[in-house]
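Asks: My questions are about this predicted structure, shown below with the sequence.
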Amino acid sequence: MIKNLILSVFLLFSVATNAEILPTKPPTKKPEFNHKSVASIFPFRAFANTMMFGFETKTSDKACFKIVAGVTYFEKDNIGFTEIYNYTGGRFEAQYKNFIGKNAKAFNGLYVAPFLLYKTSSFKYETNKVNGWQDTTVNGSVSMKGVGIVFGYQTTIAESATIDFFLGQGFFKSKGRNPEDLDNANRPFDTFSSAIGFYTGFSVGIGL
């Protein structure tokens, strides 16, 4: 029994010694992201029939300025909650992103950003409230302004790609050309409510 114990200790010592001798693989270093600007798209905005593009550029090692422009178009509402059609719209957004934390860098880390938003749309819908007995086509038009703050996280992928997600709150004020315009313009993924509400977004970018 003592012989087996001595043999076991000897084997364990041999394994430990050989493990120290064998070369260890150095930790993988994250590729450097050396771009000064990022161009991005917002893929999930397609659910609201919107195409959005963003562009952001560094203003310091821990800050960047981002602008976003988008257009919305559909002949008939495919979400199914409204009866609007021949819809066209546009939007403009701006954020000033400040990355926080000791090791944070522009385009990589947690950030806080004030934002400004403006969007507008025009469309058509049917109503019988104009003359009380016959449906009438109405040309609707709405616009909305917003201001607020978001908290987000952006990270780099490989040497040239980024993903960015943010969530926050803002104050939004809307107005319409006709009394029914705001009710008809509101859609699940594209609202025109005058209220304090959530503001969120997701984008995928490429370094320039």
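Replies: Nice, thanks for sending it over. Given the structure is predicted, the values throughout are model-derived calculations rather than measurements.

Asks: just checking, next helix/strand downstream of the lowest-mean-pLDDT helix or strand in the chain?
Replies: Counting by mean pLDDT, DSSP states H and E, the chain has its least confident helix or strand at helix 2-21, which shows a mean of 46. Scanning forward in sequence from helix 2-21 by DSSP states H and E, the next helix or strand is strand 37-41.

Asks: contacts for that next one?
Replies: 52-58, 64, 107, 162, 164, 203-208 (Cβ atoms under 8 Å, 6 or more residues apart in numbering). All C-beta spots, glycine's among them, are computed from the backbone N, C-alpha and C.

Asks: if we go to 7 Å?
Replies: The contact list for strand 37-41, computed with Cβ atoms under 7 Å, 6 or more residues apart in numbering, reads 52-57, 107, 162, 164, 203-208.

Asks: May I see the buried residues of that strand?
Replies: 38, 40 (16 or more other Cβ atoms under 10 Å).

Asks: do the same with stretch 159-177
Replies: Buried, per 16+ other Cβ under 10 Å, within stretch 159-177: 162, 164, 166, 168, 170, 172, 174, 176.

Asks: ok, now which ones touch Phe166?
Replies: 150-152, 200-201.

Asks: and those, which two are the farthest apart?
Replies: Distance extremes for the contacts of Phe166: the farthest pair is Phe151 and Gly201 at 11.9 Å, using Cβ to Cβ.
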